[in-house]
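In: With the sequence up front, the predicted model follows.
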Amino acid sequence: MPEGHTIHRLARDHVRDLAREPLAVSSPQGRAVETARALDGRSFAKIDAYGKHLLYRFEDDLTLHVHLGLFGRFRRQHTPPEEPKGEKRLRMIGERWTVDLSGAVACALIDPDEEAALLSRLGPDPLRRDADPERFVAALRKRRIPIGAAIMDQKVVAGIGNVFRAEALHVDGIDPRLPARELGDERAMVLWGTMAKMLADGVRERRIVTIRDADDKPVKAGRATKGEGPRARADRVRHRTVHVYRREHCHDCDAPVVTSTMAGRTVYECPVCQPEGSAGPSPTPSLAEGEAAGRLF
């Protein structure tokens, strides 16, 4: 499932490509015909991203809600577009660009009451300017479940998925099994800041990158080698850009990465950088020094 950085990046891209021009909206698949009919010929001026949800603000006070879920995706092409192929739930055709949506779990108009109900079920989104980190801290105080499960709960913090869970907890030296309420307010605020910066880097870089170079900038994945296939590329990028997620050895101390299952997903952790029961900071010098120097990771 796309994490929060992808959703916010899509909101920016779609505003750039489609906003403030009448759109030809259709549902080639046929599952969103009424929604398409209501939006056809209208324009939108902004898109609000909340965690993993997109809210397109069309004229006449119409709001389109999209949640990609596990398999949803957008595909962009130049206008005029090719004939639709496959399960295209919604097509939006602008003057220069066409965007197709497929596989989403939600694609429908919602009224103000439905939107309010949706947002009431979400925790603060670290990428939003109006986010209140105190809500995140307060939510952790009430939870006995492991911190690794708590931050995957969208009611606690919106937009965090499995990759950012692994990386943020690792960088802050937090044991994923530590009960959330035992993290403490100060460490909870540090974790919030780490997640916020990782997500922001993801928006800018258009990919998840949690390792920073000597100039405190996200590292580059490097160039592809001749004949490199998709799997080899994924391994190369992961080896250079993340600390523990789907790695065999920790980037920071080279200890074997340990995996387990929590909240229905695989947890990746380093037993050296994240000792049992630890609320952080990490005992690994490179990580601890980064925090002491005022850097989140």
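Out: Ah, there it is.
In: What's the mean pLDDT across stretch 202-210?
Out: Averaging pLDDT along stretch 202-210 yields 90.
In: ignore the last one, stretch 98-114
Out: Averaging pLDDT along stretch 98-114 yields 98.
In: Need phi/psi at the closest residue to residue 27 other than its chain neighbours.
Out: If the residues on either side of it in the chain are set aside, residue 27 comes closest to residue 36, at 4.3 Å by Cβ to Cβ, 6 or more residues apart in numbering. Where you see a C-beta, it was placed from the backbone N, CA and C, and this is true even at glycine. Torsion angles at residue 36 (phi, psi; degrees, to the nearest 10) stand at phi -60, psi -40.
In: Please report how far residue 36 lies from residue 176.
Out: Residue 36 sits 43 Å away from residue 176, going by Cβ to Cβ, to the nearest Å.
In: now swap in residue 136 and tell me
Out: In terms of Cβ to Cβ, residue 136 sits 17 Å off from residue 176.
In: Residue 60 too?
Out: Look at residue 60 and residue 176: by Cβ to Cβ, they are 47 Å apart.
In: Settle it for me: which of the two has more neighbours?
Out: residue 176 (22 against 7; other Cβ atoms under 10 Å).
In: what about the helices in the protein?
Out: 4-18, 33-39, 112-120, 133-141, 147-150, 162-171, 185-205, 230-241, 285-292 (DSSP state H).
In: Columns mean neighbour count on top of those helices, output as JSON lines?
Out: Output for the helices of the chain, formatted as JSON lines (neighbours: other Cβ atoms under 10 Å):
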{"stretch": "helix 4-18", "mean neighbour count": "20"}
{"stretch": "helix 33-39", "mean neighbour count": "17"}
{"stretch": "helix 112-120", "mean neighbour count": "12"}
{"stretch": "helix 133-141", "mean neighbour count": "17"}
{"stretch": "helix 147-150", "mean neighbour count": "25"}
{"stretch": "helix 162-171", "mean neighbour count": "26"}
{"stretch": "helix 185-205", "mean neighbour count": "20"}
{"stretch": "helix 230-241", "mean neighbour count": "14"}
{"stretch": "helix 285-292", "mean neighbour count": "15"}
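In: Kindly reformat the ones you listed as a markdown table containing distance to residue 75.
Out: As requested, the helices of the chain are exported to a markdown table (distance: least, Cβ to Cβ, whole Å):
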| stretch | distance to residue 75 |
| --- | --- |
| helix 4-18 | 11 |
| helix 33-39 | 17 |
| helix 112-120 | 25 |
| helix 133-141 | 34 |
| helix 147-150 | 33 |
| helix 162-171 | 22 |
| helix 185-205 | 20 |
| helix 230-241 | 18 |
| helix 285-292 | 38 |
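In: Of all the ones you listed, which one is nearest residue 262?
Out: Minimum separation from residue 262 across these (Cβ to Cβ) falls at helix 147-150, 4.9 Å.
In: who touches that closest one?
Out: For helix 147-150, contacts defined as Cβ atoms under 8 Å, 6 or more residues apart in numbering pick out 139-140, 143, 156, 165, 169, 174-180, 183, 191, 262-263, 267.
In: could you dump that helix to PDB, C-alpha only?
Out: The C-alpha trace of helix 147-150 is given here as PDB (Å, rounded to 0.1, in the frame of the first residue of the first chain):
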ATOM      1  CA  ILE A 147       4.900   0.800  19.500                       C
ATOM      2  CA  GLY A 148       5.500  -1.000  16.200                       C
ATOM      3  CA  ALA A 149       1.800  -1.800  16.000                       C
ATOM      4  CA  ALA A 150       0.700   1.600  17.300                       C
END
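In: centre of the chain versus that helix, how much separation?
Out: Distance of helix 147-150 from its chain centroid, counting by Cα atoms, centre = their mean, to the nearest Å, is 16 Å.
In: now stretch 76-90
Out: With Cα atoms, centre = their mean, you get 25 Å for stretch 76-90.
In: could I get it in CSV with only the CA atoms?
Out: Taking C-alpha atoms only, stretch 76-90 is exported to CSV below (Å, rounded to 0.1, in the frame of the first residue of the first chain):
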residue,chain,number,x,y,z
ARG,A,76,-0.5,9.5,-16.4
GLN,A,77,-0.3,10.0,-20.2
HIS,A,78,-0.4,12.9,-22.7
THR,A,79,-3.8,14.1,-24.0
PRO,A,80,-5.3,12.8,-26.2
PRO,A,81,-5.0,9.5,-24.4
GLU,A,82,-4.9,5.9,-25.7
GLU,A,83,-8.0,3.9,-25.6
PRO,A,84,-8.5,2.6,-22.0
LYS,A,85,-7.3,-0.9,-21.3
GLY,A,86,-7.9,-3.0,-18.3
GLU,A,87,-9.8,-2.0,-15.2
LYS,A,88,-9.8,1.8,-15.4
ARG,A,89,-12.1,3.0,-12.6
LEU,A,90,-11.9,6.7,-13.4
